[in-house]
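Asker: Got a predicted structure plus its sequence, pasted below:
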Amino acid sequence: MQEGVIGLGIWCVDTTYKINKLPERGKLETIIDSYQCVGGGPSNVLTNLSSLGFKSNLIAMGSMGKDNNSVFIKKHCQRNKIISKYLSSSSLIPTSHVVCMSEKQKERTFLYYPGANELLDIKHFKLSSLKKDPKILYVGYLSLLGKLDYFDGKETRLCKVLKEARKKNLINIVDLVSNNDPQFQKIIFSALPYIDYLLLNEIEAQLLFQKSIVNAKYQLNKNLIIKLSKNIFQKGLQKALVIHSPLESLYVSKDNFYHSKSIKIPKKNIKNAVGAGDAFCAGFIFGIHEEWDIESTLKKSHAAGSAMMKINTSSGNLPNIKNL
């Protein structure tokens, strides 16, 4: 029986600055608070799974430098019971880092230094080095995957990774990021035939569909999404498209769809807007790994995302999933 999760993709060290608002050009704004943590989809998802009480192996794969930030990442993995020996280190380029500006009750603003993530390639997927094949491959985030986003003919190099995982019967779960890369749609379309579940938020869905999918009240336009999703399945997506937003989520498969609303949190209880999407993703992966029904999986996914918003970090420190 296969069990466990590989987290492949970007690894970085995030420095978050809490501010009241972004300053105008040439103006100054006071920093209210700041903190540093390990970031990137794989770190956030694996850390959250550990915090939620996931019992199987959590395996980190990716590219780092040989510097203080790489040491910081390794120590973080050790604290959170994440196997880090398959992370590759290079002396050619520093570990990636991110500066995050977090305004009260607003979307975050990121400044991203790719660093060693630019080296990310097929060789960083070390499935053959594992004694036992895991159950799930999580990849985050498409369009920020260095050389894995490069095209070899009509397909990106990531497709070779996803094909290898599929041959070993892994479930491929792929996560997106809000990125204005001109090849954003092309990169995703290339990988669709080898993706089981594609996870994205409402902003990323708009970039994918090249059309707004929310109404004036920021609610998902369900009928439009279901209609637009037909093209995604025609291009090869295997199992489901999962769109999540602060208010709700929509799970769309070839034959059905499920809608789930998130728990409304009073503004006074929101400590942090960073990481809710990755917490939702961790809850979803937990449910898929344990083979829960979709309704239960979405409910727990929303609960994990909501819990993250009450915590002053971007990952970890979540309650056990049984208590959500």
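Answerer: That came through fine. Since this is a predicted model, take the numbers as computed values, not measurements.
Asker: buried residues in stretch 18-33?
Answerer: Residues of stretch 18-33 classed as buried: K18, I19 (neighbour count, 16 or more other CB atoms under 10 Å). Using the backbone N, CA and C atoms, a C-beta is placed for each residue, glycine as well.
Asker: what sits up against that stretch?
Answerer: Y17, S34, M101, S102, E103, K104, K106, T109 (CB atoms under 8 Å, 6 or more residues apart in numbering).
Asker: For the fifth one, give the beta-bridge partners.
Answerer: When assigned by DSSP bridges, E103 has beta-bridge partners I19.
Asker: hmm, back to that, tell me the most packed of the contacts of stretch 18-33, by neighbour count.
Answerer: Highest neighbour count within the contacts of stretch 18-33: S102, with 21 neighbours (other CB atoms under 10 Å).
Asker: Quick check: nearest residue in space to W292, chain neighbours excluded?
Answerer: Leaving aside its sequence neighbours, W292 sits nearest to K300 (CB to CB, 6 or more residues apart in numbering; 7.5 Å).
Asker: tell me which strands and helices whichever strand or helix holds S89 is in contact with?
Answerer: For S89, the host element (DSSP states H and E) is strand 87-90. If you count contacts as 3 or more CB pairs under 8 Å, 6 or more residues apart in numbering; DSSP states H and E, strand 87-90 packs onto strand 58-65, helix 68-79.
Asker: And these: which comes nearest E295?
Answerer: E295 sits nearest to strand 58-65 of all those, at 25.6 Å, using CB to CB.
Asker: Quick one: mean pLDDT for that closest one?
Answerer: On average, the pLDDT along strand 58-65 is 98.
Asker: which of the residues in that strand are buried?
Answerer: Residues of strand 58-65 classed as buried: L58, I59, A60, M61, G62, S63, M64, G65 (neighbour count, 16+ other CB under 10 Å).
Asker: Relative to D278, how far out is the residue positioned nearest the centre of the chain?
Answerer: Centroid-nearest residue in the chain: G41, 3.8 Å away (criterion: CA atoms, centre = their mean). As judged by CB to CB, to the nearest Å, G41 and D278 stand 6 Å apart.
Asker: got it, and F184?
Answerer: F184 sits 19 Å away from D278 when distances are taken as CB to CB.
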